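Participant: no sequence on this one, just coordinates:
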Ligand SMILES: Cc1ncc(COP(=O)(O)O)c(C=O)c1O
């Protein structure tokens, strides 16, 4: 059993209301039973967050000391890297390559780095690569993490944004995951509640306790009516999720067709609302993005913004309406 925070023992237990209202935590626990057949104790294995980004960022001061090593996917959601740096930690990149389906290879992590690592970030469906995994991947991640006693933070912000019959697994479905892992979830993507700022962390009790101590002394939690609205969304009619996903899927077709016509190849994603495309031959990411912006007024995100491993790619988000995407793609084509 890991002890994720050496500081926990010295600090009195958290006050329950700071971990979120009971109704919201129960709704998250019920969602996990329905969606993943994972049982969570709403009092000790679920906490409310002011958006999952807040929890991810606060996990670093909760878990690491200055100089500690944190394993981050490369490319990745930039908060993993920045929050590690702000907490005084050092990141070790786990390259996500196209040849390996944009999954990290645990066998490539040097043994001495694995032994020093105090946290590992994973994120599926992934931002920016849109990579998805099967449960087997999480079993191998948990086995690796348990062997080297590395706590895992799995960011599943896009868990419900999936297409073509794909169902994203939870890391907590893997045997022994609760001993070593927490999972972050977000209402932002699933229910279009981005501006409401509501998410959750679930899983390992000690890691959640450490996180809640940082939160108690930093933000004191989310406004209760927002938590209750989020509980209502989680407990309510879920048909809107399929409807949103159908819209994202349609938008993706527009982008994929447009990309094919300019020689920038991309695979149709099974999850997230991103398309991760190779830039046309002869360009670096930033160079391509700058040229597109200057000549068409369309803004793409250079892959290199997500880490050195993103070089050679661009990320396109389908979070804007179809009309805008059609216009953007036709300008790029011209
Ligand atoms: C991978 C990933 N994780 C977490 C977040 C944060 O989501 P929120 O703080 O809105 O829950 C985002 C948002 O863009 C994201 O892309």
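Facilitator: Everything's here; your move. Source: prediction; values computed, not measured.
Participant: so which elements touch the strand or helix carrying residue 209?
Facilitator: Here residue 209 sits within helix 205-216, counting by DSSP states H and E. In terms of contacts (3 or more C-beta pairs under 8 Å, 6 or more residues apart in numbering; DSSP states H and E), helix 205-216 is packed against strand 46-49, helix 52-63, strand 181-186, strand 199-203. For the C-beta atoms, the positions are set from N, CA and C on the backbone; glycine is no exception.
Participant: using JSON lines, lay out these together with mean pLDDT and distance to the ligand.
Facilitator: As requested, those are exported to JSON lines (pLDDT from 0 to 100; distance: least, C-beta to the nearest ligand atom, whole Å):
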{"stretch": "strand 46-49", "mean pLDDT": "98", "distance to the ligand": "7"}
{"stretch": "helix 52-63", "mean pLDDT": "98", "distance to the ligand": "3"}
{"stretch": "strand 181-186", "mean pLDDT": "98", "distance to the ligand": "3"}
{"stretch": "strand 199-203", "mean pLDDT": "98", "distance to the ligand": "4"}
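Participant: show me the contacts for residue 221.
Facilitator: 17-20, 48, 50, 215 (C-beta atoms under 8 Å, 6 or more residues apart in numbering).
Participant: top of those by neighbour count?
Facilitator: When the contacts of residue 221 are compared by neighbour count (other C-beta atoms under 10 Å), residue 20 ends up highest, at 28 neighbours.
Participant: for residue 219, see how far away that residue is.
Facilitator: In this view, residue 20 and residue 219 are 12 Å apart by C-beta to C-beta, to the nearest Å.
Participant: near the ligand, which residues of this protein?
Facilitator: Contact residues, the chain versus the ligand (C-beta under 6 Å from any ligand atom): 51-53, 77, 123, 127, 155, 157, 186, 188, 194, 199.
Participant: which one of those is nearest to residue 86?
Facilitator: Among the residues of the chain next to the ligand, residue 53 lies closest to residue 86 (C-beta to C-beta), at 13.1 Å.
Participant: I'd say the closest one and residue 80 touch.
Facilitator: No. Using C-beta atoms under 8 Å, residue 53 makes no contact with residue 80, being 10.5 Å away.
Participant: looking at these two, which one has more neighbours?
Facilitator: A side-by-side neighbour count of residue 53 and residue 80, using other C-beta under 10 Å, places residue 80 first with 27 against 19.
Participant: can you give me the pLDDT of that one?
Facilitator: Note for residue 80: predicted pLDDT of 98.
Participant: and the pLDDT for residue 16?
Facilitator: So, for residue 16, pLDDT stands at 52.
Participant: for residue 54, give me its contacts.
Facilitator: 197, 199, 215, 219.
Participant: which of the residues you listed lies closest to residue 251?
Facilitator: residue 199 (23.9 Å).
Participant: just list the residues touching the nearest residue to the closest one once chain neighbours are set aside, thanks.
Facilitator: Nearest residue to residue 199 in three dimensions, chain neighbours excluded: residue 52, at 3.5 Å (C-beta to C-beta, 6 or more residues apart in numbering). The contact partners of residue 52, taken as C-beta under 8 Å, 6+ apart, are 155, 157, 184-186, 188, 199-201.
Participant: buried residues, stretch 146-158. List them.
Facilitator: 146, 148-158 (16 or more other C-beta atoms under 10 Å).
Participant: secondary structure and pLDDT added to those, as JSON lines?
Facilitator: JSON lines is the format used below for those (DSSP: H, G, I helix; E, B strand; the rest coil; pLDDT from 0 to 100):
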{"residue": "146", "secondary structure": "helix", "pLDDT": "97"}
{"residue": "148", "secondary structure": "helix", "pLDDT": "97"}
{"residue": "149", "secondary structure": "coil", "pLDDT": "97"}
{"residue": "150", "secondary structure": "coil", "pLDDT": "98"}
{"residue": "151", "secondary structure": "coil", "pLDDT": "98"}
{"residue": "152", "secondary structure": "strand", "pLDDT": "98"}
{"residue": "153", "secondary structure": "strand", "pLDDT": "98"}
{"residue": "154", "secondary structure": "strand", "pLDDT": "98"}
{"residue": "155", "secondary structure": "strand", "pLDDT": "98"}
{"residue": "156", "secondary structure": "coil", "pLDDT": "98"}
{"residue": "157", "secondary structure": "coil", "pLDDT": "98"}
{"residue": "158", "secondary structure": "coil", "pLDDT": "98"}
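Participant: now for these: which two are most distant?
Facilitator: 149 and 158 (28.3 Å).
Participant: looking at the helices and strands packed on helix 205-216, which is nearest to residue 274?
Facilitator: Across the helices and strands packed on helix 205-216, closest to residue 274 is strand 181-186 (C-beta to C-beta), at 14.7 Å.
Participant: after the closest one, which helix or strand is next?
Facilitator: helix 187-190.
Participant: what helices or strands is that next one leaning on?
Facilitator: helix 224-235.
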